[in-house]
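Engineer: next input, structure requested:
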Amino acid sequence: MTDEQEPDYRFTLANERTYLAYLRTSLACYAGGLSAVQFLDLGPDRLPAKIIGVVLVTAGIVTTAGAFRRWQQNQAAMRNGGSLPVTYLPLMLAATIGVVGLIGLLFSLWR
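Structural biologist: Numbers count the residues shown, from 1 in each chain. Next up is the predicted model:
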């Protein structure tokens, strides 16, 4: 017999909403990265735009995978009555978006 119990449905739904918010964020990273490669003109070889695009799409992939892992860990912790695990996903996203914005700003001023 297991000690797992069904968590309050409100917590399960809140966990699901958080998961979906991370998926929307990853979708925005994909769209932003592909748009950067397609539309930014930051030099003759467009290298800065390509770097921004790769960084954003990679952040989207990491966010998609991290969101599912976080959802699983939170669900397991709620079922077992444990503490919710610590995540660095929001910090990674904030740092990535900040660095990409800084790169875009620097290259647009440098041009």
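Engineer: can you give me the end-to-end span of stretch 31-48?
Structural biologist: With CA to CA, to the nearest Å as the measure, the first residue of stretch 31-48 is 17 Å from its last.
Engineer: just the mean pLDDT for that stretch, thanks.
Structural biologist: For stretch 31-48, the mean per-residue pLDDT is 88.
Engineer: mind listing what's buried in the host helix or strand of residue 59?
Structural biologist: Assigned by DSSP states H and E, residue 59 belongs to helix 47-80. Judged by neighbour count (16 or more other CB atoms under 10 Å), helix 47-80 contains these buried residues: 48-49, 51-53, 55-57, 59-60, 62-64, 66-67, 70-71, 73-75, 78. Glycine gets a C-beta too; all of them are placed from N, C-alpha and C.
Engineer: centre-most residue in the chain?
Structural biologist: The chain has residue 63 as the residue nearest its centroid, 3.3 Å off, counting by CA atoms, centre = their mean.
Engineer: now for that one: which residues touch it?
Structural biologist: Residue 63 makes contact with 22, 25-26, 29, 89, 92-93, according to CB atoms under 8 Å, 6 or more residues apart in numbering.
Engineer: what does residue 74 give?
Structural biologist: Residues in contact with residue 74 (CB under 8 Å, 6+ apart) are 15, 18, 84-85.
Engineer: of all the residues you listed, which comes closest to residue 105?
Structural biologist: Minimum distance to residue 105 across those is 30.3 Å, recorded for residue 18 (CB to CB).
Engineer: for that closest one, grab phi and psi.
Structural biologist: Backbone dihedrals for residue 18, given as degrees, to the nearest 10, come out at phi -60, psi -40.
Engineer: which ones are touching it?
Structural biologist: 70-71, 74.
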